[in-house]
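A.B. asks: Attaching a predicted model along with its sequence, questions to come.
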Amino acid sequence: MRVLFLGDIVGKSGRLCMKEQLPKLKEQYRPDLVIVNGENAAHGKGITKKIYHELLGYGIDVITMGNHTFSKSDIYQFINEADRLVRPANMEPLGYGRSTLILQVGSKRIAVSNLCAEIFMNNVTESPFACMERILAGIDVDYHFVDLHGETTSEKIAFTYQFAGRVQAVVGTHTHVQTADERIINGCAAISDLGMCGAYHSVLGRDTQEVLERFVNQEKTHYKIADGPAVLCGLLVDFDDSLHQAVKAERIQIRPQ
């Protein structure tokens with residue numbers, strides 16, 4: 001099995017990049033499953049019903065979320081029916097949507113779970129370690145993939161060591177900066193952060209001048225998303241279907257020309 005994980009889609013630039021690049025990536029690599037973080041897809045914060053369906057139309061199989069899951073009020077109108085959307089299991093408000101999605105890919109039963117890390121994050125209801133133990137206790141699948149949405153590399157790496165062997169991939173999201181630490185631990189593919197799919201000339205997808213005004217002049221700013229060509233970041237993972245283990249993890253980063 002081959003799975004393509006792609007990082008946080010940020011605004012219109014990220015969506016346009018996905019529309020352009022994903023068909024090429026699917027033709028080149030032939031992944032069996034495409035999992036993408038979409039929590040910044042709607043103008044940098046949250047997702048709407050229209051954008052959710054737009055992204056699925058590009059060939060994405062599963063959309064994971066993060067701390068901006070509920071930033072757009074529209075989410076409450078469709079999240080319970082969005083059968084390819086996964087929200088963090090340990091983040092308020094609870095009771096909406098699903099935090100683990102189980103799907104059939106060929107002959108394999110696959111789970112995709114979404115969690116928030118604790119350090120420097122808000123509205124987290126319990127440790128991702130305790131939450132993951134609870135999720136694993138109630139699921140029997142061939143493969144289990146986790147999007148751990150968080151700030152610090154240490155927490156994401158520690159989580160991987162704790163659950164390697166019981167899950168087959170732990171991909172970090174949220175920081176929008178791709179880390180160069182892809183690895184395989186006890187059959188589990190991991191990277192601290194996939195990076196983003198968003199405007200390359202930006203500060204994490206945000207307008208550079210606006211961010212500078214905030215840092216340099218301490219001015220209050222509005223959340224302005226950068227325009228222009230986007231970078232696409234992710235991780236391609238090959239799995240041995242007889243062992244149910246990751247055997248190869250390759251970083252992908254496509255910068256605009």
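C.D. replies: Thanks, I have it. Residues are numbered from 1 along each chain as shown.

A.B. asks: And the nearest residue to residue 167 once chain neighbours are set aside, how far from residue 110?
C.D. replies: Using Cβ to Cβ, 6 or more residues apart in numbering and skipping residues adjacent in sequence, the residue nearest residue 167 is residue 144, 4.2 Å away. (Each C-beta comes from the backbone N, C-alpha and C, glycine too.) Here the distance between residue 144 and residue 110 works out to 8 Å (Cβ to Cβ, to the nearest Å).

A.B. asks: ok, back up a step: partners of the residue nearest to residue 167 in the sheet?
C.D. replies: Note on residue 144: beta-bridge partners residue 111, judged by DSSP bridges.

A.B. asks: same check, this time on the one 5 residues further on
C.D. replies: Taking DSSP bridges as the rule, residue 149 bridges to residue 116, residue 173.

A.B. asks: Which stretches in the stretch 1-150 of the chain count as helices?
C.D. replies: For the stretch 1-150 of the chain, the helices defined by DSSP state H, counting those that start in this stretch occupy 11-29, 49-57, 75-78, 128-137.

A.B. asks: Can I get those in JSON lines including distance to residue 197?
C.D. replies: Listed next are these as JSON lines, based on distance: least, Cβ to Cβ, whole Å:
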{"stretch": "helix 11-29", "distance to residue 197": "4"}
{"stretch": "helix 49-57", "distance to residue 197": "11"}
{"stretch": "helix 75-78", "distance to residue 197": "20"}
{"stretch": "helix 128-137", "distance to residue 197": "24"}
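
A.B. asks: Quick check: which of those helices is nearest to residue 176?
C.D. replies: Using Cβ to Cβ as the measure, helix 11-29 is the one of the helices of the stretch 1-150 of the chain that comes nearest residue 176, at 10.0 Å.
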